[in-house]
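Student: Task: produce atomic coordinates for the following.
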Amino acid sequence: MNDSNHQLKKFTPYQVLVIVMLALTQFTVILDFMVMSPLGDMLMKSMALKTSQFGFAVSSYAFSAGISGLLTAGFADKFDRKKLLLFFYIGFIAGTFFCSIATSYPMLIAARIITGLFGGVIGSISMAIVADLFPIEKRGRVMGFMQMSFGASQVLGIPIGLYIANSWGWQSPFLMIVILAASVWLFVLIKMHPVNAHLKVQTDKSPFMHLVHTVSKRDYRIGFLATAMLSLGGFMMMPWGSAFAINNLRITQQQLPLLFMVSGVSSLFIMPLIGRVSDKIDKFNVFAFASAWMIVMVLIYTNMSVTPLPLVMVMNVFFMIGIMSRMVPSSAMVSALPKMQDRGAFMSISSSLQQISGGIAAAAGGMIVYQKDKFSPLEHYNTLGMVITGLSLICLFLIYRVSRLIKTQQNEKEREKVKVELQVVEV
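Tutor: Numbers count the residues shown, from 1 in each chain. Purely as a prediction, here's the structure:
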């Protein structure tokens, strides 16, 4: 490898700082959503909720986030991305604070809706910033580092949150997130440079026409559908993880933080590795292998009964490998579809569909899974495994289509580059 290629693949100090800032914002947003799952058993018992009610508590965040993404898509490329990030992040912090003071089910639902309206857009803004600042050759590693926030939330956030919840009630983890997110907001305000290169290539289209223009592109629609299908499978099992572990696998509340910590630690090692691998070999091949792995793990895990804690930990790690190894290459591939002037709108719509699909999946999961009373095992959990298997196969086909589109784009760029070089030589 020559020096120029080596320099191209290295991150600059500022790029490293951006990755850290975006990863921290993702960490708080993911933790806010993820903490609902381990708190699920505690919430259902303290508020005497049915599985369908808890499913709605999870999906209310997702639906409001999806609506917010659609409403903001037309404006997403009209402003400095840093300013957008700061605006929506402060709204997310306010919504999470309302969760920390909720004392009833209606208050919780209202707080989750507010949090979703703001928090659901942050991921798409972060993805647009990544696509603006990092070439596709680096994006797999960037996605790998950013997805580490998922693992970090399980290693640090969820165990600490569960410990706090066991001591001071289920509302207390949300206050912890508020304090952390406020610090991250100040960090971004002070350290991040403006992200506004996309403003130089904007047209005079109105926000609504910009939204219509983005949705009308066939290549983009394939990316949207792939993202939606990926979320349907991922969100269908997640809300019931702690309830299944406690009531079916017979893991205790005290063991639950350790279970999440072990799987989270594993993902901290897996994410950077998968990012590097997906930058070195074909990203679709990585996704295809991960999909096959995940299907096997889902079918095994959803059919387990009372199981010793060490074996449950091992299965969770294997399960996490499949989930995370799909997220990194698929995120990198889908982010390569939109042009710079469309990225904000594309990412907002994609995030919106992701959230709405997740909300549908959580609500559907609540109707499939059944619990006779708050201490009995979950029933029909294995049915979720079969549904997820079918969705994963459909998603595999759609990501293949995305992969082909990206290769076509790259070939066209190469042909244009060669044409320009030949014209220079002729001159």
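
Student: helix or strand right after the strand or helix carrying Ile349?
Tutor: Ile349 is located in helix 343-368, with elements delineated by DSSP states H and E. Scanning forward in sequence from helix 343-368 by DSSP H and E, the next helix or strand is helix 381-426.

Student: relative to helix 343-368, how tilted is that next one?
Tutor: Interaxial angle, helix 381-426 versus helix 343-368 (axes from the mean of the first three to the mean of the last three C-alpha atoms, to 10 degrees): 170 degrees.

Student: other SSEs contacting helix 381-426?
Tutor: Judged by 3 or more C-beta pairs under 8 Å, 6 or more residues apart in numbering; DSSP states H and E, the packing partners of helix 381-426 are helix 218-237, helix 283-301, helix 309-335, helix 343-368. Where C-beta positions appear, they are placed from N, C-alpha and C, glycine not excepted.

Student: so which of these gets nearest Leu85?
Tutor: Closest to Leu85 of those, according to C-beta to C-beta: helix 343-368, at 11.0 Å.

Student: which other helices and strands contact the closest one?
Tutor: Packed next to helix 343-368, using 3+ C-beta pairs under 8 Å, 6+ apart, are helix 51-73, helix 105-133, helix 207-216, helix 218-237, helix 381-426.

Student: follow-up on the earlier one: could I get the helices and strands packed on helix 381-426 as JSON lines with mean pLDDT, mean neighbour count and distance to Ala182?
Tutor: Output for these, formatted as JSON lines (pLDDT from 0 to 100; neighbours: other C-beta atoms under 10 Å; distance: least, C-beta to C-beta, whole Å):
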{"stretch": "helix 218-237", "mean pLDDT": "83", "mean neighbour count": "22", "distance to Ala182": "28"}
{"stretch": "helix 283-301", "mean pLDDT": "91", "mean neighbour count": "19", "distance to Ala182": "35"}
{"stretch": "helix 309-335", "mean pLDDT": "84", "mean neighbour count": "21", "distance to Ala182": "27"}
{"stretch": "helix 343-368", "mean pLDDT": "78", "mean neighbour count": "25", "distance to Ala182": "23"}
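
Student: Output those helices in JSON lines; the columns should cover distance to Asp132.
Tutor: Putting the helices and strands packed on helix 381-426 into JSON lines (distance: least, C-beta to C-beta, whole Å) gives the following:
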{"stretch": "helix 218-237", "distance to Asp132": "17"}
{"stretch": "helix 283-301", "distance to Asp132": "20"}
{"stretch": "helix 309-335", "distance to Asp132": "10"}
{"stretch": "helix 343-368", "distance to Asp132": "7"}
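
Student: out of those, which comes closest to Val277?
Tutor: The closest of the helices and strands packed on helix 381-426 to Val277 is helix 283-301. By C-beta to C-beta, the value is 5.9 Å.

Student: what angle sits between that closest one and helix 218-237?
Tutor: The directions of helix 283-301 and helix 218-237 differ by 20 degrees, with the same axes, to 10 degrees as the criterion.

Student: quick one: helix 283-301 to chain centroid distance?
Tutor: Distance of helix 283-301 from its chain centroid, counting by C-alpha atoms, centre = their mean, to the nearest Å, is 18 Å.

Student: So what angle separates the directions of it and helix 309-335?
Tutor: 150 degrees.

Student: before we move on, back to that, switch the helices and strands packed on helix 343-368 over to CSV; also include distance to Val29.
Tutor: Below are these laid out as CSV (distance: least, C-beta to C-beta, whole Å):
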stretch, distance to Val29
helix 51-73, 10
helix 105-133, 5
helix 207-216, 23
helix 218-237, 15
helix 381-426, 23
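
Student: which one of those lies closest to Tyr301?
Tutor: Closest approach to Tyr301 among these is made by helix 381-426 (7.3 Å; C-beta to C-beta).

Student: Pull the distance from the closest one to the chain's centre.
Tutor: Chain-centre distance of helix 381-426: 20 Å, with C-alpha atoms, centre = their mean.

Student: With stretch 209-227 instead?
Tutor: Relative to the mean C-alpha coordinate of its chain, stretch 209-227 is positioned 19 Å out (C-alpha atoms, centre = their mean).

Student: what's the span of it, first residue to last?
Tutor: 23 Å (C-alpha to C-alpha, to the nearest Å).

Student: For that stretch, which outside residues touch it?
Tutor: Residues outside stretch 209-227 that contact it (C-beta atoms under 8 Å, 6 or more residues apart in numbering) are 70, 73-74, 77-78, 203, 205, 330, 334, 337-338, 342, 345-346, 349-350, 353-354, 357, 395, 398-399, 401-402, 405.

Student: now do 7 Å
Tutor: 73-74, 77, 205, 334, 337-338, 342, 345-346, 349-350, 353-354, 395, 398-399, 401-402, 405 (C-beta atoms under 7 Å, 6 or more residues apart in numbering).

Student: Check the gap between Leu398 and Ser348 for me.
Tutor: Computed as C-beta to C-beta, to the nearest Å, the Leu398 to Ser348 distance reads 20 Å.

Student: ignore the last one, Asp80
Tutor: On the measure of C-beta to C-beta, Asp80 and Ser348 end up 15 Å apart.

Student: try Lys283
Tutor: Computed as C-beta to C-beta, the Lys283 to Ser348 distance reads 23 Å.

Student: before we move on, back to that, ok, which of the helices and strands packed on helix 343-368 comes nearest His198?
Tutor: Closest to His198 of the helices and strands packed on helix 343-368 is helix 105-133 (C-beta to C-beta; 6.4 Å).

Student: got the angle for that closest one vs helix 343-368?
Tutor: Calculated by the same axes, to 10 degrees, helix 105-133 forms an angle of 140 degrees with helix 343-368.

Student: For helix 105-133, which helices and strands make contact with it?
Tutor: With contacts taken as 3 or more C-beta pairs under 7 Å, 6 or more residues apart in numbering; DSSP states H and E, helix 105-133 sits against helix 13-34, helix 51-73, helix 81-100, helix 309-335, helix 343-368.

Student: Show me how far the longest one is from its chain's centre.
Tutor: Think helix 309-335. 12 Å.

Student: Same question for the second one.
Tutor: Here the centre of helix 51-73 is set off from its chain's centre by 14 Å, with C-alpha atoms, centre = their mean.

Student: Counting neighbours, show which residues of it come out buried.
Tutor: If you call a residue buried by 16 or more other C-beta atoms under 10 Å, then helix 51-73 has these buried ones: 51, 54-70, 72-73.

Student: For that helix, give me every contacting residue.
Tutor: 33, 36, 40, 43-44, 108-109, 112-113, 115-117, 119-121, 124, 211, 214, 239, 345, 348-349, 351-353, 355-356, 358-359, 362-363, 365-367, 369-371.
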